[in-house]
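Novice: just to be clear, the model below is a prediction. Sequence and coordinates:
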Amino acid sequence: MKVLGINALFHDPAAALVVDGVTVAAAEEERFSRRKHGKRPVPFAAWELPELAARWCLKEAGLRVEDLDAVTYSYDVSLARPADEMGLHDPWDHLRQTYAGQAAGFLATALPGLDPDQVRTVPHHVAHGASSALAAPYVADGWDEPTDVLVLDGRGECASHLAGTYTAGRLQVHRTQELPHSLGLLYEELTEHLGFLRSSDEYKVMAMASYGTPRFLDEIRQRVRTTGDGGFATDKVDWQSFAKRLEPGEEWTQDHADLAATVQQRLEEVLLELAGWLRERTGSRRLTLAGGVALNCVANTVLYERSGYDDIWVQPAAGDAGTALGGALHHAAASGERLQPMPGADLGRGWSDDEIEQWLRTAQVPYERPVDVAEAVAECLADDGVVAWFQGRSEYGPRALGHRSLLAHPGRPQNLERLNDVKGREQFRPVAPMVLLERAPQIFSRGPIPSPYMLFVHDVAAQWRDRIPAVVHVDGTARVQTVDPDTEPLVARMLAGFERRTGLPVVINTSLNTAGRPMVDDPRDALECFGSAPVDLLAIGPFVVRRAGWTAR
Ligand SMILES: [Fe+2]
């Protein structure tokens, strides 16, 4: 069975393709259109579809539109109600509903050959839930065992949360939380109040929280409450009464950091209670998470440590992009297909060595083919060079995981500033380490190991903090990616080469992009990024391009 999944309505439009239970391709529209998040999350843009990503998915699998058995759309307008009835102030939301009701027609126009009757709507939170519970490693050996799923985001049709259990591909829903109560919208509101872009920059609030103390907790606990039955209530918060509203780029104060710390802590408390309620009800050992809130890696570690589940798996594309895959997986499972776990996050575009070489020739840049690109990169990093690393297929979801990455030496504290400058980012934002899997337990604790998708924070062992200062956040933590040589042999070889030269099995890894732009996806993006940013070496496929005049520091 061939199912194309589409996410389009709110933000992060994306497409994914599942063929005979196997996830063969998944990609966000932004990587093709070069417009961050694909579009702004406003009702006027609700009709826009991930046309380029969808066409690429089909091309990647060698399929025509006519070959598809179904196209899923991760929003079911029949479940929605008028915004004011749901207590939302969103005067143009009716446009969204109108467009969503016409999705089959829009899709048939975007994908000529598609019969609109083949379009299936999947409720938004069911698609999120499936993206995690039906993509997790558990489906390989525990298909018939119950796996719990907790979905939390800004909003779906009429709810902001779903707690359920998947067993043998079937979902049982235990609880949903109706709007306007929403932990995701609460966090988004604070993001905007702190001068950041809502539905985009929530991770900056999480980073800022570690600079503060949660001294407004009493007040926020009164506004954000659990209801004891697996749900919660979020009352309107007068943010201004805690810290003044910031304009974009305006300096933040201790009050702002304290407010971020307070909301972060309250989020963690509520998530723990929701997870505890679910586990008590089901007795399951495994929890899966999705929805934008599941990108909060600090909260994920609290759940990992204290929720009582034996194991937690988070969909790397936990935001709305992931509902493209989840919708397709849900439909395939509901049709009786037995699914395979997603093979990794590298589900996007990739190029052959010959194709990459052709791009380099076209660009007329001098390039070399070293004996081993991993060793050439390890050497440059050991000499304190900054490396743009473009290898294999691009990642699905917001994290660079060693396929479209910017790498640097973690032992030099100034490299945090250097990378934030390359990327035009705020200086309070941390950069993350990638580490060889077998060496990770000696250096990192508290979060799960392996941790291949950077979705949890870990504590850095005291004796290592001075050795890898550039990746240690102000609170002594790091958002780790562990690298398994079995699944990522090239990245592992690069890390081993770096350790041989420096004694450090850790490299700084941040996403390969510059400020406000989507991650690099194709070779042209990589060359443009290399040409416009102070990067010393571009490692693209088996080739390297060196910055003219660069010498080791
Ligand atoms: Fe969502």
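Specialist: Structure's in. What do you need?
Novice: from here on, contacts and neighbour counts on C-alpha atoms
Specialist: OK.
Novice: now the helices for the stretch 351-500 of the chain?
Specialist: 353-363, 373-382, 414-422, 440-443, 462-465, 489-502 (DSSP state H, counting those that start in this stretch).
Novice: and residue 150, which of these is closest to it?
Specialist: Counting by CA to CA, residue 150 lies closest to helix 440-443 out of the helices of the stretch 351-500 of the chain; the figure is 27.8 Å.
Novice: tell me where the model's unsure across the protein.
Specialist: 550-553 (pLDDT under 70).
Novice: packing partners of the lengthiest helix in the chain?
Specialist: Taking DSSP state H as the criterion, the chain has its longest helix at helix 254-282. Where contact means 3 or more CA pairs under 8 Å, 6 or more residues apart in numbering; DSSP states H and E, helix 254-282 is packed against strand 147-152, strand 159-167, helix 183-193, helix 202-209, helix 217-223, strand 224-226, helix 297-306.
Novice: most neighbours per residue, which of those?
Specialist: Stretch with highest mean neighbour count among those: strand 147-152 (a mean of 28; mean count of other CA atoms under 10 Å).
Novice: coming back round to it: out of the helices of the stretch 351-500 of the chain, nearest to residue 12?
Specialist: For residue 12, the closest of the helices of the stretch 351-500 of the chain is helix 414-422, at 23.9 Å, according to CA to CA.
Novice: ok, back up a step: in TSV, list the helices and strands packed on helix 254-282 along with distance to residue 77.
Specialist: Formatted as TSV, these follow (distance: least, CA to CA, whole Å):
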stretch	distance to residue 77
strand 147-152	19
strand 159-167	13
helix 183-193	20
helix 202-209	27
helix 217-223	30
strand 224-226	28
helix 297-306	31
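Novice: for residue 129, which of the ones you listed is the nearest?
Specialist: It is, among the helices and strands packed on helix 254-282 and with distance given as CA to CA, strand 147-152, at 6.0 Å.
Novice: tell me what angle that closest one forms with helix 183-193.
Specialist: With axes from the mean of the first three to the mean of the last three CA atoms, to 10 degrees applied, the angle from strand 147-152 to helix 183-193 works out at 40 degrees.
Novice: what's strand 147-152 packed up against?
Specialist: helix 124-133, strand 159-167, helix 254-282, strand 286-290.
Novice: next, the angle from the first one to strand 147-152.
Specialist: This points to helix 124-133. If you take the same axes, to 10 degrees, helix 124-133 sits at 130 degrees to strand 147-152.
Novice: Provide the contact partners of helix 124-133 at residue level.
Specialist: 74-76, 139, 147-151, 156-157, 160-162, 166, 288-291, 313-315, 318, 320, 322-327, 329-330 (CA atoms under 8 Å, 6 or more residues apart in numbering).
Novice: thinking again about what came up before, if you compare the helices of the stretch 351-500 of the chain, which one is most tucked away?
Specialist: Among these, helix 373-382 has the highest mean neighbour count (mean count of other CA under 10 Å), at a mean of 22.
Novice: buried set for the longest helix of the chain?
Specialist: Across helix 254-282, burial judged by 16 or more other CA atoms under 10 Å covers 255-279.
Novice: returning to what we had before: TSV for the helices of the stretch 351-500 of the chain, including distance to residue 86?
Specialist: Converted to TSV, these look like this (distance: least, CA to CA, whole Å):
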stretch	distance to residue 86
helix 353-363	51
helix 373-382	53
helix 414-422	41
helix 440-443	47
helix 462-465	48
helix 489-502	48
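Novice: can you tell me the closest non-neighbouring residue to residue 214?
Specialist: residue 262 (3.9 Å; CA to CA, 6 or more residues apart in numbering).
Novice: I'd say the one you found and residue 211 touch.
Specialist: No. Using CA atoms under 8 Å, residue 262 is not in contact with residue 211; the gap is 11.1 Å.
Novice: measure how buried residue 341 is and give me the count.
Specialist: Close neighbours of residue 341, defined as other CA atoms under 10 Å, add up to 18.
Novice: also residue 386?
Specialist: 24.
Novice: how close does it sit to residue 292?
Specialist: Look at residue 386 and residue 292: by CA to CA, to the nearest Å, they are 31 Å apart.
Novice: on that earlier part again, separation between the residue nearest to residue 214 and residue 456?
Specialist: Separation of residue 262 from residue 456 (CA to CA): 19 Å.
Novice: for residue 391, which of the helices of the stretch 351-500 of the chain is the nearest?
Specialist: For those, proximity to residue 391 was assessed by CA to CA; helix 489-502 is nearest, at 8.7 Å.
Novice: and residue 398, what does it touch?
Specialist: Contacts of residue 398 by CA under 8 Å, 6+ apart are 316-317.
Novice: next one: phi and psi at it?
Specialist: With angles defined as degrees, to the nearest 10, residue 398 sits at phi -80, psi -10.
Novice: what's the first-to-last distance across stretch 211-231?
Specialist: 30 Å.
Novice: list the contacts of that stretch.
Specialist: The contact list for stretch 211-231 (CA under 8 Å, 6+ apart) reads 163, 175-177, 232-237, 242, 254-263, 265-266, 270, 273-274, 277-278, 474-475.
Novice: what do you get for stretch 335-351?
Specialist: The contact list for stretch 335-351, computed with CA under 8 Å, 6+ apart, reads 1, 20-27, 134-140, 169, 316, 329, 332-333, 391-397, 401, 403, 453, 521-522.
Novice: all helices of the stretch 51-200 of the chain, in order?
Specialist: 51-61, 93-101, 103-110, 124-133, 138-141, 183-193.
Novice: quick one, the first one and helix 103-110 angle?
Specialist: Okay, so that is helix 51-61. Angle, helix 51-61 to helix 103-110, by the same axes, to 10 degrees: 70 degrees.
Novice: just the C-alpha atoms of helix 51-61, please, in CSV.
Specialist: Listed in CSV are the C-alpha atoms of helix 51-61, where the atom choice follows Å, rounded to 0.1, in the frame of the first residue of the first chain:
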residue,chain,number,x,y,z
GLU,A,51,3.8,20.8,-3.3
LEU,A,52,7.5,20.6,-3.9
ALA,A,53,8.0,18.2,-1.0
ALA,A,54,5.1,16.0,-2.1
ARG,A,55,6.4,15.8,-5.7
TRP,A,56,9.9,15.0,-4.5
CYS,A,57,8.6,12.2,-2.3
LEU,A,58,7.0,10.5,-5.3
LYS,A,59,10.0,11.0,-7.5
GLU,A,60,12.3,9.6,-4.8
ALA,A,61,10.2,6.4,-4.8
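Novice: distance between that helix and the chain's centre?
Specialist: 21 Å (CA atoms, centre = their mean, to the nearest Å).
Novice: likewise for stretch 182-199?
Specialist: Mean-position distance between stretch 182-199 and its chain equals 17 Å (CA atoms, centre = their mean).
Novice: and the end-to-end length of stretch 203-217?
Specialist: Start and end residues of stretch 203-217 are separated by 20 Å (CA to CA).
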